[in-house]
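Asks: take a look and give me a structure for this.
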Amino acid sequence: MNTNIIYCGDCLTILKGFPDECIDLIYLDPPFFSNRHYEVIWGNHAELRAFGDRWQGSINHYTGWMGERLEQCKRVLKKEGSIYLHCDYHASHYLKIKMDKIFDESNFRNEIVWHYKKWSAGWQQFQRNHDIILFYSKTDNKKRVFNKMFMDRAESTLKRFGTAKIISGYDEKTGKRIPS
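Replies: Prediction:
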């Protein structure tokens, strides 16, 4: 199997054809346990694409289904590999526990909150306007790749706090912490 390609489909089926420890990076965007049916008019507005995110049974059925797939992901992930699991409020807390069991809670690296803008707030609760991406490594291998991302500071931030060096507490050239 080619490992330098994006595969779309059920990873349980796809990954069974891969040897152990051959993948550097996995990004999963599974069903979210929303218990909804989705339809989208596509392309030239003549094609209807639909998929269901409905589950017979409880959250335990869903997390069991996900667990089978996460076990295959762990099997094919290299020791220095990383996995990102995209989820939302429907099951993110259940999936975090599942990931802790499969990948070990000590290999949890970060939780990315993907915030998006929506219409005005709901009547009886705060607006749901973010997804979660759980970031784990297979092991605590220090050789794992993590590409740092940098962006220029906004003019207003520089005006208020000074240079990026002062704001971050890190020397951007060496990447080392500046003693306070």
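Asks: tell me where the protein has helices.
Replies: With DSSP state H as the criterion, the chain has helices at 11-15, 59-76, 92-99, 155-161, 164-168.
Asks: adding mean pLDDT and mean neighbour count, write these out as JSON lines.
Replies: (Glycine included, C-beta is placed from N, CA and C.) JSON lines is the format used below for those (pLDDT from 0 to 100; neighbours: other C-beta atoms under 10 Å):
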{"stretch": "helix 11-15", "mean pLDDT": "91", "mean neighbour count": "16"}
{"stretch": "helix 59-76", "mean pLDDT": "95", "mean neighbour count": "17"}
{"stretch": "helix 92-99", "mean pLDDT": "96", "mean neighbour count": "18"}
{"stretch": "helix 155-161", "mean pLDDT": "73", "mean neighbour count": "10"}
{"stretch": "helix 164-168", "mean pLDDT": "48", "mean neighbour count": "13"}
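Asks: so which of those is nearest Asp24?
Replies: helix 59-76 (10.2 Å; C-beta to C-beta).
Asks: the closest one to helix 92-99, inter-axis angle?
Replies: On the basis of axes from the mean of the first three to the mean of the last three C-alpha atoms, to 10 degrees, helix 59-76 is oriented at 40 degrees to helix 92-99.
Asks: average pLDDT for stretch 24-42?
Replies: For stretch 24-42, mean pLDDT rounds to 84.
Asks: use 30 as the first number for this chain going forward.
Replies: Yes, from this point I'll number from 30; that puts the last item at stretch 53-71.
Asks: quick check: end-to-end length of it?
Replies: 33 Å (C-alpha to C-alpha, to the nearest Å).
Asks: what's in contact with that stretch?
Replies: Residues from elsewhere that reach stretch 53-71 (C-beta atoms under 8 Å, 6 or more residues apart in numbering): 40, 76-84, 88, 91, 95, 98, 102, 105-107, 109-117, 119-120, 174.
Asks: let's go with 7 Å and repeat that
Replies: When contacts are defined by C-beta atoms under 7 Å, 6 or more residues apart in numbering, stretch 53-71 is touched by residues 40, 77-84, 88, 91, 95, 102, 106-107, 110-117, 119-120, 174.
Asks: filter these to the buried ones?
Replies: 40, 91, 95, 102, 106-107, 110-116, 119-120 (16 or more other C-beta atoms under 10 Å).
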